[in-house]
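K.L.:
got a sequence here, can you build the structure:
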Amino acid sequence: MTDPTIQQLVAQWSQQTPDRPALTGNGRTWTHAELNRDVERLGAGLRGAGLIPGDRVAVFASNHPAVVLTWLACARTGIISSVINQFLKAQELAWVLGHLGARMAIAGPDEVETVAEALKLANMRIPVYVIDGETGEHTFDQLLNAEPDAGRHPSPDDILEITFTSGTTGNPKGAVFDHRAHIYSCTAAIERYRWTPESVGFTMMPLFHAGGIRVSVLPALMAGGHAIIGQFSLTRFWEDTRTFRITHFATIDTILILLIKQDPRPDDTEVPLRVGMGAGPPEVLSAFEDRFDMDFQQAYGMTECSMVLTSPAPGIEADRAALQEQRRLVPSANYVGVPLGERTEIRLVDADGNDVPDDTVGQFVIRSPGMLREYYHDDEATRQILRDGWLYSGDTGLRSSQNGAYYYVDRSKDMIRRSGENIAPRQVEEVLVAHPGIAMAAVHPVPDELRMQAVKAVVVRAGASAVTAEELWLWCDDRLADYKVPRYIEFVEQMPLTSTGKIVKSRLRELGITPTTFDRGDRSNKQAREKRKRRAAIGS
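P.N.:
Purely as a prediction, here's the structure:
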């Protein structure tokens, strides 16, 4: 028998436990048998629409079971899926769709207008199938009406998906993965995080995110468990965990902080949750564990490595005091444990690529079957990240001589990490400089109590320009995903420059938030954006 693909591993449960729940979302639950039936039908529908193995399907939607069905149907047929960040604006999405060469788009009802605008900007004509669409030329349900004939299964060495990741150099890069990469990572995660057919995973992370389909959905389905697709709600979170008997969830530090800040309740510890997965400062993770009496598995990973690379050493979660002590062992660094999976190797190297000794900060370089194959149509970026079979992460950490565990120190120097999302400063800078009133712009992170980091822009006006912060926020609102729009803007007469004319960002970061910094507040959502537009219109 040949090695299985992702969908074959998921589909086996349609024979072993056909009537047990497999997927829930948007008010509906699929059993394992029903899930396999609809994946086969959708695969046939994609083929009937003219797609062949190797064609790319762009999925642009908020969390919905249809996204998972599409991902699995593509895995079944050899068609390549790309679940794209649904917070992108049309201009950003247009570049991604063009680079991907998408043959079809599947859009959520709230995202279809953005897709239509992006296709116009990209000068592309492809069919757009709308999830929960009632009228229009193409609806997602039309694809599900086909008879189950999805054709031959692909090879596990075939490309499974292209995941776009925010890099530090502007436009996103498409990380290419085959089936084997995700199978390796999922299998290791199932063992380390104790997924079983009794497990219920709650997916509140966006499905385009590594913490979505890869970390929360696939392990549940491959283990024969139940995946819940939803959105995070501060008021409903604990009620949802009890209603669905949720055992596993992946999250970000911002959500943990919000939950900790809620008023204590007598039933705080009476929840079915067993394992939380994600990252955060040691004091936040420990406070969450102690209050809610559950384990939290701090991990280190990156989009280019399928899922996660390291996780707490096996068995240590059984001794919470010992785990919390390991977190405190290295000040100003986050304990991330040991490699996940027997074939994952990690080194720490200096600027010249030489291994550094224990207790010395170096760059993480990784070799693992779970790594990307390449960046899609980007040979130069591929050469920069993959060297002699090793992946150079750009992130720094150390290995402790006291316990042999790894500790994460910092992200690549220019990346901004806000509420679990990566933001490339260069992309924001390019948008700001495109404004006719701006001559120079430098974007960097500043600390944020809730979201860990916020975006600050330091700008130099062009000539006699009198452009205001409010005008720049409106300009960015139309061109950047909400979470990328700078919260802080500071105008300066000149930038600190090197002898070769490069901006010295370290000097700007030292300034932090000054009395002359304009703060729009933490209002990066559609309602706040419309409010600012109305206010600007009244002012004009």
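
K.L.:
my read: Trp13 touches Gly224, true?
P.N.:
Yes - with contact defined as CB atoms under 8 Å, Trp13 reaches Gly224; the gap is 4.4 Å. The way it works is simple: take the backbone N, C-alpha and C, and place the C-beta from them, glycine included.

K.L.:
anything in contact with each of those two?
P.N.:
Common neighbours of Trp13 and Gly224, counting by CB atoms under 8 Å, 6 or more residues apart in numbering, are Arg20, His32, Pro197.

K.L.:
leaving out the residues flanking it, which one is nearest to the first one?
P.N.:
Same thing as Arg20. Nearest residue to Arg20 in three dimensions, chain neighbours excluded: His32, at 5.8 Å (CB to CB, 6 or more residues apart in numbering).

K.L.:
and the pLDDT at that neighbour?
P.N.:
Looking at His32, its pLDDT is 98.

K.L.:
distance of it relative to Arg194?
P.N.:
20 Å (CB to CB, to the nearest Å).

K.L.:
next one: Gln494
P.N.:
57 Å.

K.L.:
neighbour-wise, which of those two wins?
P.N.:
Each of Gln494 and Arg194 has its neighbours counted (other CB atoms under 10 Å); Arg194 has more, 16 against 8.

K.L.:
that one contacts Val275, correct?
P.N.:
Yes - using CB under 8 Å, Arg194 is in contact with Val275, at 6.5 Å.

K.L.:
Asp395 should be in a strand, yeah?
P.N.:
Yes - assessed by DSSP: H, G, I helix; E, B strand; the rest coil, Asp395 belongs to a strand.

K.L.:
so what's it closest to, chain neighbours aside?
P.N.:
That would be Phe364: by CB to CB, 6+ apart, it lies 5.1 Å from Asp395.

K.L.:
can you count the residues close to that neighbour?
P.N.:
25.

K.L.:
who's in contact with it?
P.N.:
Per CB under 8 Å, 6+ apart, neighbours of Phe364: Tyr300, Leu309, Ile346, Arg347, Leu348, Ser393, Asp395, Thr396, Gly397, Tyr406.

K.L.:
how about a cut-off of 6 Å?
P.N.:
Ser393, Asp395, Gly397 (CB atoms under 6 Å, 6 or more residues apart in numbering).

K.L.:
do the same with Lys173
P.N.:
So Lys173 contacts Thr165, Gly167, Tyr375, Asp378, Ala381 (CB under 6 Å, 6+ apart).

K.L.:
lowest-confidence entry in those?
P.N.:
Gly167 (50).

K.L.:
centroid-nearest residue for the protein?
P.N.:
Closest to where the C-alpha atoms of the chain average out (CA atoms, centre = their mean) is His209, at 2.4 Å.

K.L.:
before we move on, what SS does it have?
P.N.:
Assigned by three-state DSSP, the conformation of His209 is coil.

K.L.:
equivalent analysis for the one 10 residues further on, please.
P.N.:
The three-state assignment at Pro219 reads helix, by three-state DSSP.

K.L.:
okay, Arg418: pLDDT?
P.N.:
Looking at Arg418, the pLDDT reads 87.

K.L.:
if I look at it, how far off is Asp3?
P.N.:
39 Å.

K.L.:
next, count neighbours for Thr114.
P.N.:
With other CB under 10 Å as criterion, Thr114 counts 21.

K.L.:
you'd agree Val115 is up against Ala107?
P.N.:
Yes - judged on CB atoms under 6 Å, Val115 makes contact with Ala107 at a distance of 4.5 Å.

K.L.:
can you work out which residues contact both of those two?
P.N.:
Counting by CB under 6 Å, 6+ apart, the residues touching both Val115 and Ala107 are Phe60, Val128.

K.L.:
burial of Asp355, as a residue count?
P.N.:
11.

K.L.:
and for Arg320?
P.N.:
Neighbour number of Arg320 under other CB under 10 Å is 16.

K.L.:
confidence score at the residue nearest to the centre of the chain?
P.N.:
pLDDT, His209: 87.

K.L.:
roughly how far does it sit from Ser62?
P.N.:
On the measure of CB to CB, His209 and Ser62 end up 12 Å apart.

K.L.:
do Leu218 as well
P.N.:
Taking CB to CB, one finds Leu218 at 19 Å from Ser62.

K.L.:
more neighbours: which of those two?
P.N.:
Shown here are Leu218 and Ser62; by other CB under 10 Å, Leu218 has more neighbours (29 against 16).
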